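# Sequence and predicted structure are below.
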Amino acid sequence: MPELPEVETVKRGLERLVVSKTIKHVHHKADKSFPNDQYLVDEFMLGATISKVTRRAKVLLIELSSTYTIMVHLKMTGQLVFVGDTSRWGAGHPNDSLVDNLPDKSTRVHIEFDDGSILYFNDQRRFGWVKLLPNHAVELEPFMQKVGPEPFDPAFTPSVFIERVRRRNGTTIKAAILDQTVLAGVGNIYADESLWSTMIHPAERVRNISDAKLRELHGAIIAVMQLSIDKGGSTNKNYVDAEGKRGSYMEFANVFRREGQACTRCSTIIEKLRVAGRGTHICPHCQVQLEHKDN
DNA sequence: CACTTGACCTGTCCGC
DNA sequence: TGCGGACAGGTCAAGT
């Protein structure tokens, strides 16, 4: 579930919470959640200061003063939660329970800073990872080499989107926009929401969709993700931000996880189907495949 | 090559 | 209540 808006929300939280902090200890389990040589951890993490936090696609990049970068992918159930200086939050802050409960059995890595605060990487399903790389090696990672443009980059114009999405003319539009090499950051939630918004059936072949419609979709992807960032992302199940807070975008979702409920546009009951191997939510009245329409 | 499906994991939910 | 199986979904590997 962490898609672009969720990762962006975590990134903004970390910018506020951990930049300029110095790493004192790194606790980790020796598994693929943390595939790093111990001597590199000792040499380039311990004593290093966090200089900058950025995001590319769904990947978080935590730059250190040591010329190394901590690369984090949350995949489905990953969380990066900062705990420290609880006094300034006050009673009732969502972080309170986390202070008491972390680390827990989902904690794969935790980074302790010299002021006693701690950044936890939790991941129930262990698909996510935390990798330490020299700065120059980040862009050489295979994923970073092939990932498509950032949706909020001004260079990502409608024509750029159309040109890239048409490289996947033979597949369904949902598979095409989920493809991270077409554009960065779209996952299952925002794919369904942007397709509902533009009244495109997720199983429609890209080649059947007009440029005008793809132009609309370009705008909808950006709009939907911007709204979600404004709402702190979507908490479907596991996702929380860097302070342990849930996002509220799901309250604004029109189809995702709303099967059985009325479409907000036409009151038809939302259905769930399977497209591109994913659970997919549509309004069967608003989103009709072109070959099934009369004329 | 283009595209689809399965694997990676574990917790949760549903039906019997 | 217990138990098996389906499901969740980001990305890569394997299969068609």
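Everything's here; your move.

# Count residues in the vicinity of the residue of the stretch 151-295 of chain A found nearest DNA strand B, would you?
Here the residue of the stretch 151-295 of chain A nearest DNA strand B is A:Gly170; by Cβ to the nearest atom of the strand that distance is 2.2 Å. In short, each C-beta sits where N, CA and C put it, glycine included. Per other Cβ atoms under 10 Å, the neighbour tally for A:Gly170 reads 10.

# Please verify my assumption that it contacts A:Ala176.
No - using Cβ atoms under 8 Å, A:Gly170 is not in contact with A:Ala176, being 9.4 Å away.

# joint contacts of the two?
Here A:Gly170 and A:Ala176 share the contacting residues A:Val206, scored by Cβ atoms under 8 Å, 6 or more residues apart in numbering.

# Go ahead and confirm A:His285 touches A:Cys263.
Yes - using Cβ under 8 Å, A:His285 makes contact with A:Cys263 at a distance of 6.7 Å.

# Remind me which helix or strand A:Ser51 belongs to.
A:Ser51 belongs to strand A:50-56 when assigned by DSSP states H and E.

# ok, that strand: who's next to it in the sheet?
Strand A:50-56 has its sheet partners listed here by DSSP bridges as strand A:59-64 (antiparallel).

# The partner strand: how far from the chain's middle?
14 Å (Cα atoms, centre = their mean, to the nearest Å).

# right, and the helix or strand after it?
Sequence order places strand A:68-73 as the next helix or strand after strand A:59-64, per DSSP H and E.

# sorry, back to before: settle it for me: which of A:His285 and A:Cys263 has more neighbours?
Using other Cβ under 10 Å, the more surrounded residue of A:His285 and A:Cys263 is A:Cys263, with 20 against 15.

# What pLDDT is listed against that one?
Looking at A:Cys263, its pLDDT is 95.

# Hmm, A:Ala253 and it touching each other?
No - taking contacts as Cβ under 8 Å, A:Cys263 lies outside contact range of A:Ala253: 11.9 Å.

# Tell me which helix or strand the residue of the stretch 151-295 of chain A closest to DNA strand B sits in.
Judged by DSSP H and E, A:Gly170 forms part of no helix or strand.
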